[in-house]
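**Q** A structural model of the following input is requested.
(chains A and B)
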Number of protein chains: 2
Amino acid sequence: VKTYHLFLLGFGTIGRALSRLLQEKQPLLRDAYDVAFSVTAVVTRRHGVALGLGGLDPVELLRAGEAGGKIGKRMWEPAALANLLKESAADILVEITPTGRMTGEPAITNIRTALQSGAHAVTANKGPVAFAYRELRDLAERVGRRFLFEATVMDGTPVFSLQREALPAARIAGFRAVLNSTTNYLITQMETGMDFEEAVQQAQAVGIAETDPLADVDGWDAAFKVAALANVWMGATLTPQAVDRTGIGGLDPAAVRRARAEGRPYKLVCRAARTPDGIAASVRPEQIPLEDPLAAARGTATVLYLETDTLPGLIIGGTEPSPKTTAYGLLSDLLSIARGEGYPPNS
Amino acid sequence: VKTYHLFLLGFGTIGRALSRLLQEKQPLLRDAYDVAFSVTAVVTRRHGVALGLGGLDPVELLRAGEAGGKIGKRMWEPAALANLLKESAADILVEITPTGRMTGEPAITNIRTALQSGAHAVTANKGPVAFAYRELRDLAERVGRRFLFEATVMDGTPVFSLQREALPAARIAGFRAVLNSTTNYLITQMETGMDFEEAVQQAQAVGIAETDPLADVDGWDAAFKVAALANVWMGATLTPQAVDRTGIGGLDPAAVRRARAEGRPYKLVCRAARTPDGIAASVRPEQIPLEDPLAAARGTATVLYLETDTLPGLIIGGTEPSPKTTAYGLLSDLLSIARGEGYPPNS
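**A** Next up, the predicted model:
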């Protein structure tokens, strides 16, 4: 059994879900993949730093994490990351800090530090892939480590790994997608008769919308995701700011209801296409026909329609996103790293 | 550049589409994957056998294949396969004979022979995976070769490779799907007002339905595909005959129209689920709500809704199936074989 030491940078809902998923899958990972993942460092901004070379006790960590107390006595200082990676003998940095709004930092620096320290990096933070994909990909290649980010778009539904592993030698011409669960849920609620404020409050009550829902409502979350996909798949060098972006704040709930009744519902549609001037990307509310594959995304579901030179229309979608599905995106990246290093070993 | 010798067993529309796709992708395969695929044998029942160790000229083959003339002087005899594989120094058998209706033969024997001769086997023929998956998988493992079949279900849309490569450590609980393009097209045409016979004639005229459409209409094609998916993904040992099967022949066109108008359209729904008595699988016309992900499949599109323990609802679908998309499924298998042997080599 090959054991990988994980360094969890962040221990919010995603980190805790990953911790639970690793426990749940431990026997299968050992038997079918010949690998084990041992968390040797957990770092949070508020609750301190916990290190343990023999592997931290996930049950204890979860108890502390969920109670909101300290998980360790030391305080987190970003400048100490390289040393902490060394102290914890980390093989893989798991970057699960919240997505920074407008620069991708400090996650980009964290990942750069990890790669330069000889660790692989996986992340659920959209910032690094939206703002610094090319630099981090090239750095990872140079140092012979991996930089993976399956959990950043569509909450663990395989999109990046689908393209990387299951669409060899295909050229991506463009895509259309519904990528933001919160706005899709809000539109679905407005279709049933709620006004915008009611829908937001209801979404907050069930834990779908953030306390500050603006990053979703204004289309920023979707713009990060479009930039990430276009950068990785189409060779673009977009930032979220370069995406032509209109949120759903200006949608009239009566018009939303009418549109659904007429069979041409609104969706916050993300697009990327090749043009003579480079990659054009947009996020904006659009009415689409019911036959459109994007119409299948109701509530918190997401869906992506991809055009390639070998498959004219490929659809991938996911329903019921949760911290567990995002954690699964991280786990699938961890297993890609192990597989790239020969685990499971050839029989 | 690592060169793989391909043995094409069958040279109908799929074989010719593969030949064209290999030519189209040749520069990319060489530059990005460090591989080349050279066809050293083409065998057809009607048009004879062509062998050429240096690689047959695809342009000439296509001309002969499309003209319907002889491609070689020798006649095909099934018993000669092992010798022909040796004579053509074949690395990979590409089994693209038509799916045999009720036993999976002779494709099963062909693939067994190839594996026992030390060649890998890829196929677009549903028979072997529907009738003999376990035997051929175990044999391939024993002899250290691959048996792959991406093109058998959903015409090149990644389904088997999606699960194998992009859903590591996930357990499949069950699935629902629209897998047969022809019946879905017929239902779509009936929704617009055609009666059953008109729809069949129209589908035959545009090349979607076979001259003998019964394998599709009676649900056999779908039953083969359900058996294949359940066998590979859920450890089932189903044959197509063991799938609880009802075709679309009994559907009343007026009821189909009414169902669509009422927003509960008919689909030929394929299902597999775990039960206390093992895997239950069925193919039958069902009315589904418009919100159902399966409702997104219109015309010749296909769609699959997968439940796993880590992702509660995963959707994969494809539009506009064609010989080229099926050929792409075969190419993706060929590249999986190359990748498994270290191509592209680690940089």
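**Q** OK, contacts around the spatially most central residue of chain A?
**A** Relative to the mean C-alpha position of chain A, the nearest C-alpha, by Cα atoms, centre = their mean, is the one of A:T152, at 1.4 Å. Contacts for A:T152 (Cβ atoms under 8 Å, 6 or more residues apart in numbering or on different chains) come out as A:123-126, A:129, A:225, A:228, A:329. All C-beta spots, glycine's among them, are computed from the backbone N, C-alpha and C.
**Q** now swap in A:I315 and tell me
**A** A:293, A:303-306, B:296, B:303, B:315-319.
**Q** now, among those, which is nearest to A:V283?
**A** Distance to A:V283, by Cβ to Cβ, is smallest for A:L304 among the contacts of A:I315, at 13.5 Å.
**Q** may I ask which helix or strand encompasses that closest one?
**A** Element membership for A:L304 (DSSP states H and E) is strand A:302-308.
**Q** next: A:R271.
**A** Under DSSP H and E, the secondary-structure element containing A:R271 is strand A:266-275.
**Q** how much space separates the nearest residue to A:G235 once chain neighbours are set aside from chain B?
**A** Nearest in space to A:G235, with sequence neighbours left out and distances taken as Cβ to Cβ, 6 or more residues apart in numbering or on different chains, is A:I279 at 7.6 Å. The spacing between A:I279 and chain B, counted by Cβ to the nearest Cβ, to the nearest Å, is 20 Å.
**Q** so A:I279, which of the three states?
**A** Following DSSP: H, G, I helix; E, B strand; the rest coil, we place A:I279 in the strand state.
**Q** which residue is most remote from the mean position of chain A?
**A** For chain A, the C-alpha lying farthest from the average C-alpha position belongs to A:E262; by Cα atoms, centre = their mean, that distance is 34.0 Å.
**Q** report the helix or strand with the lowest average pLDDT across chain A.
**A** Taking mean pLDDT, DSSP states H and E as the measure, helix A:58-67 is the helix or strand of chain A with the lowest mean score, a mean of 80.
**Q** I'd like to know which elements it is packed against.
**A** Helix A:58-67 is packed against helix A:13-28, strand A:35-44, with contacts defined by 3 or more Cβ pairs under 8 Å, 6 or more residues apart in numbering or on different chains; DSSP states H and E.
**Q** pick the most buried one from those.
**A** Per residue and on average, the most neighbours among these fall to strand A:35-44, with a mean of 23 (mean count of other Cβ atoms under 10 Å in any protein chain shown).
**Q** before we move on, back to that, so who does the residue nearest to A:G235 touch?
**A** With Cβ under 8 Å, 6+ apart as the criterion, the residues that contact A:I279 are A:230, A:234-236, A:238, A:272-273.
**Q** bridge partners for it, pull those for me.
**A** In this structure, A:I279 has the following beta-bridge partners (DSSP bridges): A:R274.
**Q** can you tell me how far it is from B:P265?
**A** 36 Å (Cβ to Cβ, to the nearest Å).
**Q** ditto for A:D91
**A** As judged by Cβ to Cβ, A:D91 and B:P265 stand 51 Å apart.
**Q** check A:A36 too.
**A** Computed with Cβ to Cβ, the distance linking A:A36 and B:P265 is 48 Å.
**Q** picking up where we left off before, now for the helix or strand following the least confident helix or strand of chain A, which elements pack on it?
**A** Toward the C-terminus, helix A:58-67 is succeeded by helix A:81-87 as the next helix or strand (DSSP H and E). For helix A:81-87, the packing partners by 3+ Cβ pairs under 8 Å, 6+ apart come out as strand A:2-9, strand A:35-44, strand A:48-51, helix A:107-116.
**Q** which residues does the shortest one contact?
**A** Outside of strand A:48-51, the residues within contact range by Cβ under 8 Å, 6+ apart are A:40-43, A:56, A:61, A:70-76, A:84, A:87-88.
**Q** contacting residues around A:A242?
**A** A:227, A:281.
**Q** what's the distance between the nearest residue to A:R257 once chain neighbours are set aside and A:S336?
**A** When the adjacent residues along the chain are set aside, A:R257 lies closest to A:E191, with 5.8 Å between them (Cβ to Cβ, 6+ apart). Applying Cβ to Cβ, the value for A:E191 to A:S336 is 38 Å.
**Q** which one's more surrounded, the two?
**A** Between A:E191 and A:S336, A:S336 has the larger neighbour count (other Cβ atoms under 10 Å in any protein chain shown), namely 22 against 19.
**Q** only C-alpha atoms, please: export the helix or strand containing that one in CSV.
**A** In this structure, A:S336 is located in helix A:323-340 according to DSSP H and E. C-alpha atoms of helix A:323-340 as CSV (Å, rounded to 0.1, in the frame of the first residue of the first chain):
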residue,chain,number,x,y,z
PRO,A,323,-20.3,19.0,-0.1
LYS,A,324,-20.0,15.3,-0.7
THR,A,325,-20.1,15.6,-4.5
THR,A,326,-17.4,18.3,-4.4
ALA,A,327,-15.3,16.1,-2.1
TYR,A,328,-15.7,13.3,-4.6
GLY,A,329,-14.2,15.7,-7.3
LEU,A,330,-11.2,16.1,-5.0
LEU,A,331,-10.9,12.4,-4.4
SER,A,332,-11.0,11.7,-8.1
ASP,A,333,-8.1,14.1,-8.5
LEU,A,334,-6.2,12.3,-5.7
LEU,A,335,-6.7,9.0,-7.5
SER,A,336,-5.6,10.5,-10.8
ILE,A,337,-2.3,11.4,-9.1
ALA,A,338,-2.0,7.9,-7.7
ARG,A,339,-2.8,6.3,-11.0
GLY,A,340,-0.3,8.6,-12.8
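**Q** is any residue of it near chain B?
**A** Yes - using Cβ under 8 Å from any Cβ of the partner chain, helix A:323-340 comes into contact with chain B via A:324-325, A:328, A:331-332, A:335-336, A:339.
**Q** quick check: buried residues in that helix?
**A** Taking 16 or more other Cβ atoms under 10 Å in any protein chain shown as the neighbour-count basis, helix A:323-340 is seen to contain the buried residues A:323-338.
**Q** ok, the residues you listed vs B:A199, which is closest?
**A** Where those are concerned, and distances follow Cβ to Cβ, B:A199 has its nearest neighbour in A:T325, at 39.9 Å.
**Q** quick one: secondary structure of the residue nearest to the closest one when sequence neighbours are not counted?
**A** In this structure, A:T325 finds its nearest non-sequential neighbour in A:G156, 3.8 Å apart by Cβ to Cβ, 6+ apart. Taken by three-state DSSP, the conformation at A:G156 corresponds to coil.
**Q** okay, now A:G156: neighbour count?
**A** Each residue near A:G156 was counted by other Cβ under 10 Å, and the total is 28.
**Q** residues contacting it?
**A** Contact partners of A:G156, counting by Cβ under 8 Å, 6+ apart, are A:150, A:318, A:321, A:324-330, A:332, B:310-311.
**Q** could I get those residues in JSON lines, plus columns for distance to B:F196 and pLDDT?
**A** Conversion of those to JSON lines gives the following (distance: Cβ to Cβ, whole Å; pLDDT from 0 to 100):
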{"residue": "A:E150", "distance to B:F196": "45", "pLDDT": "98"}
{"residue": "A:G318", "distance to B:F196": "36", "pLDDT": "97"}
{"residue": "A:P321", "distance to B:F196": "41", "pLDDT": "96"}
{"residue": "A:K324", "distance to B:F196": "46", "pLDDT": "97"}
{"residue": "A:T325", "distance to B:F196": "42", "pLDDT": "98"}
{"residue": "A:T326", "distance to B:F196": "47", "pLDDT": "98"}
{"residue": "A:A327", "distance to B:F196": "49", "pLDDT": "98"}
{"residue": "A:Y328", "distance to B:F196": "44", "pLDDT": "98"}
{"residue": "A:G329", "distance to B:F196": "45", "pLDDT": "98"}
{"residue": "A:L330", "distance to B:F196": "50", "pLDDT": "98"}
{"residue": "A:S332", "distance to B:F196": "45", "pLDDT": "98"}
{"residue": "B:T310", "distance to B:F196": "42", "pLDDT": "98"}
{"residue": "B:L311", "distance to B:F196": "38", "pLDDT": "98"}
